[in-house]
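**Student:** how would this look folded up:
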Amino acid sequence: MSDNYLEIQGLHVYYGNIHALHGIDLSVGKNEIVSIVGVNGAGKSTLMWAIAGVLPIAGGTLLFDGAPLPTSPHRIVALGISLVPERRRLFSTLTLRENLIMGAIRRTDREGIAADMERVFALYPVLKERMSQRAGTLSGGEQQMLAIARALMSRPSVLLLDEPSLGLAPLVTEALFDTILKIRDEGVTVVLVEQNAFQALEISDRGYVMQIGKMAESAPAAELLGNPLIRKTYLGG
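**Tutor:** Model prediction:
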């Protein structure tokens, strides 16, 4: 059996007639943070949606803990993989508490749900103060906190984060990356797609660079950070 917790081999995905992903290979070890960086339009979000079961795959193998990954999103969530999508996609007319409950919709362990709600409040104390507030009225930073907290309510072993810092102020972004490290320290494996490539790689164990539907490079994050071509192309010099 492979040592990889999440393993993708030869993944192909189409949008209609558009071949979006061309034979993608990706491996993630248990309790790692693995970042996927690249220019806009490279297919990073498409890859995340495919892992989460939202997009059908046209070819390839997806394995989780050595077994084939289900194809339906609800079964993938039940298995322990949860996606925080780009632009959060909260239930804006529901309260913060209702959004958290929706994150635990497949669970029946009331005591466990209550304990996990306190766990996310420990990560994000401000959310406890906003329990009855509608999600759509929260600030951008608070909405991102809620999106991550909602995903954690499913008690995932793998958390997929798609552009979590998009639209956030620098100080909020810095706090976000600190929280990602805390989540990993609690035993959750993290796959991170992020526009702030430098910050993402700084907290990651390994990284992948995507170019228009293909993986162009993969290496330990420190090696990618030290690669002059990668720094010039993706990290701003």
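
**Student:** what about Gly112, which SS state?
**Tutor:** Secondary structure for Gly112, judged by DSSP: H, G, I helix; E, B strand; the rest coil, is helix.

**Student:** hang on, isn't it packed against Arg155?
**Tutor:** Yes: under the criterion of C-beta atoms under 8 Å, Gly112 lies in contact with Arg155, with a separation of 7.5 Å. Using the backbone N, CA and C atoms, a C-beta is placed for each residue, glycine as well.

**Student:** which residues sit against the longest helix seen in the chain?
**Tutor:** Ranked by number of residues, the top helix in the chain under DSSP state H is helix 170-185. Residues lying outside helix 170-185 but in contact with it, judged by C-beta atoms under 8 Å, 6 or more residues apart in numbering, are 31-33, 123-124, 140-141, 144-145, 148, 152, 159, 161, 164-165, 168, 190, 192, 196, 199-200, 202-203.

**Student:** Can you list which of those residues are found in strands?
**Tutor:** 33, 159, 161, 190, 192 (DSSP state E).

**Student:** which one of these is nearest Arg88?
**Tutor:** For the ones in strands among the contacts of helix 170-185, the closest approach to Arg88 (C-beta to C-beta) belongs to Leu161, at 11.1 Å.

**Student:** hang on, isn't that closest one packed against Ile148?
**Tutor:** Yes: Leu161 sits in contact with Ile148 when judged by C-beta under 8 Å, with a separation of 7.4 Å.

**Student:** ok, those two, which is more surrounded?
**Tutor:** Here Leu161 and Ile148 are compared on neighbour count by other C-beta atoms under 10 Å; more neighbours surround Leu161, at 27 against 24.

**Student:** and Cys187, how many neighbours does it have?
**Tutor:** You called it Cys, but residue 187 is Gly. Taking other C-beta under 10 Å as the definition, Gly187 ends up with a neighbour count of 9.

**Student:** nope, Gly29 is what I was after
**Tutor:** Residues within reach of Gly29, counting by other C-beta under 10 Å, total 15.

**Student:** for it, what are its contacts?
**Tutor:** Taking C-beta under 8 Å, 6+ apart as the contact definition, Gly29 lies against 3-5, 189, 205.

**Student:** so what's Leu94 closest to, chain neighbours aside?
**Tutor:** Ala135 (6.0 Å; C-beta to C-beta, 6 or more residues apart in numbering).

**Student:** Assess the claim that the one you found and Arg89 are in contact.
**Tutor:** No: using C-beta under 8 Å, Ala135 is not in contact with Arg89, being 10.4 Å away.

**Student:** The two - which one has more neighbours?
**Tutor:** A direct count of neighbours by other C-beta under 10 Å for Ala135 and Arg89 places Ala135 higher, at 23 against 13.

**Student:** For Phe64, what are phi and psi?
**Tutor:** Torsion angles at Phe64 (phi, psi; degrees, to the nearest 10) stand at phi -130, psi 120.

**Student:** Tell me the bridge partners for it.
**Tutor:** Applying DSSP bridges to Phe64 gives these bridge partners: Leu6, Ala67.

**Student:** check contacts around it.
**Tutor:** Applying C-beta under 8 Å, 6+ apart, one finds that Phe64 lies in contact with 5-7, 79-81, 158.

**Student:** ok, of the residues you listed, which one's closest to Tyr234?
**Tutor:** Within the contacts of Phe64, distances to Tyr234 taken as C-beta to C-beta reach their minimum at Leu6, with 22.9 Å.

**Student:** ok, that closest one to Asp25 distance?
**Tutor:** Spatial separation of Leu6 from Asp25 under the definition C-beta to C-beta, to the nearest Å is 12 Å.
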